[in-house]
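*Asks:* Okay, structure incoming, though there's no sequence with it:
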Ligand SMILES: Cc1cc2nc3c(=O)[nH]c(=O)nc-3n(C[C@H](O)[C@H](O)[C@H](O)COP(=O)(O)O)c2cc1C
């Protein structure tokens, strides 16, 4: 039987297939089910600084409307701020502690913060609770016309450096594809200490209903044809960073997972396919990958990682973006 275990960010994983950050790993029971189906690790839902801030604002608003609380002392407002932050955080930390007691696979916490200050506070608490690693969800939509792109990249790099200074557990950074020189930014994340870079997050997208004129959500789940961009960038960056590379978006079957590893991914994160088809999709993908490995004569995942990448065998196709040759041969 082909060996499926891998090392990711210095952690031992029983397989390279990880549950991507989402509500999937919301309870110890759910995490146990992923483990029994062969998942290599789980990434918990992101702890959103924005959400904590909104809950805090709502509590403060309620308090201001409540004459009793408001007239007692203004320190009450500080207390509410502290309480909301810590209450939301404490549920999250409890899940980490409980999961660490009952499962063996690594538990990776995820945080999404907007400001430079709060990350260290969350990261430290998460480390204390026993999480094996942290994934920094650097999802942002820069729309401020006064802010230069270099400033956004610098903020993200500063946040990473500060988190790395405040915790000892490995830190992954999950990014979207929207940076002007993506290759250089990924290299800079690596040089700033990212133990892994996850390519890519798939953002919520609004859509327009042309009958009702309402703005609605586009499909929350990915489709199997969405893995190409991640595949391209894994193949381009393999061998060029100290950081491990993790593939995310569009992995719905074993062939997509095998391709991402051939391109150089250490691990593959899967979310939509598990939402759509349940935890069994994990054991199905792993069994099919093992059969493929056996048929091709690979006894471990490390043996075929990066075989088809720009670094290993100079596959220039990953660096091509124009269809010129393709169209020349199409009548
Ligand atoms: C319902 C849902 C919730 C998600 N929540 C988070 C989150 O909290 N943090 C995060 O980094 N990514 C989140 N994601 C993004 C996924 O982790 C993943 O990157 C994305 O869905 C692409 O992978 P997939 O094609 O396997 O679904 C979420 C995705 C879905 C569908």
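*Replies:* The structure has been received and is ready for your questions. The structure presented is a predicted model; accordingly, all values stated were derived computationally and were not measured.
*Asks:* okay, CA-based contacts and neighbour counts for the rest of this
*Replies:* Noted.
*Asks:* so what's the closest residue to residue 188 other than its chain neighbours up against?
*Replies:* Excluding the flanking residues, the one nearest residue 188 by Cα to Cα, 6 or more residues apart in numbering is residue 157, at 7.6 Å. Neighbouring residues of residue 157 by Cα atoms under 8 Å, 6 or more residues apart in numbering: 188, 189, 192.
*Asks:* For the last one, give me the backbone phi and psi.
*Replies:* With angles defined as degrees, to the nearest 10, residue 192 shows backbone torsions of phi -90, psi 10.
*Asks:* Run a quick neighbour tally on the closest residue to it other than its chain neighbours.
*Replies:* Once flanking residues are discounted, residue 192 sits nearest to residue 161: 6.1 Å by Cα to Cα, 6+ apart. When neighbours are defined as other Cα atoms under 10 Å, residue 161 has 16 of them.
*Asks:* Is residue 161 within a helix or a strand, and which one?
*Replies:* Assigned by DSSP states H and E, residue 161 falls within helix 149-166.
*Asks:* right, and the helix or strand after that helix?
*Replies:* Next along from helix 149-166, by DSSP H and E: strand 171-175.
*Asks:* quick one: is that next one near the ligand?
*Replies:* No - if you take Cα under 6 Å from any ligand atom as the test, strand 171-175 misses the ligand, and the best it gets is 6.6 Å.
*Asks:* The next helix or strand after that strand to strand 171-175, inter-axis angle?
*Replies:* Note on strand 171-175: by DSSP H and E, the next helix or strand toward the C-terminus is helix 182-191. Orientation note: helix 182-191 sits at an angle of 160 degrees relative to strand 171-175 (axes from the mean of the first three to the mean of the last three Cα atoms, to 10 degrees).
*Asks:* show me the residues around the residue lying closest to residue 6 once chain neighbours are set aside that make contact.
*Replies:* Excluding the flanking residues, the one nearest residue 6 by Cα to Cα, 6+ apart is residue 13, at 5.4 Å. With contact taken as Cα under 8 Å, 6+ apart, residue 13 is in contact with 5, 6, 7, 40, 41, 105, 106.
*Asks:* repeat that for 6 Å
*Replies:* 5, 6, 7, 40 (Cα atoms under 6 Å, 6 or more residues apart in numbering).
*Asks:* Closest one to the ligand out of those, please.
*Replies:* Among the contacts of residue 13, residue 40 lies closest to the ligand (Cα to the nearest ligand atom), at 14.7 Å.
*Asks:* Not counting its neighbours along the chain, what's nearest the closest one?
*Replies:* What sits nearest to residue 40 in space, not counting adjacent residues and going by Cα to Cα, 6+ apart, is residue 15, at 4.3 Å.
*Asks:* So what touches the helix or strand hosting residue 268?
*Replies:* Applying DSSP H and E as the criterion places residue 268 in strand 267-270. The contact list for strand 267-270 (Cα under 6 Å, 6+ apart) reads 16, 17, 18, 19, 20, 246, 247, 248, 251.
*Asks:* what about 8 Å?
*Replies:* 8, 16-20, 245-252, 257, 260-261.
*Asks:* Near the ligand, which residues of the stretch 1-150 of the chain are found?
*Replies:* By the rule Cα under 6 Å from any ligand atom, the part of the stretch 1-150 of the chain lying against the ligand is 20, 21, 22, 23, 45, 46, 137.
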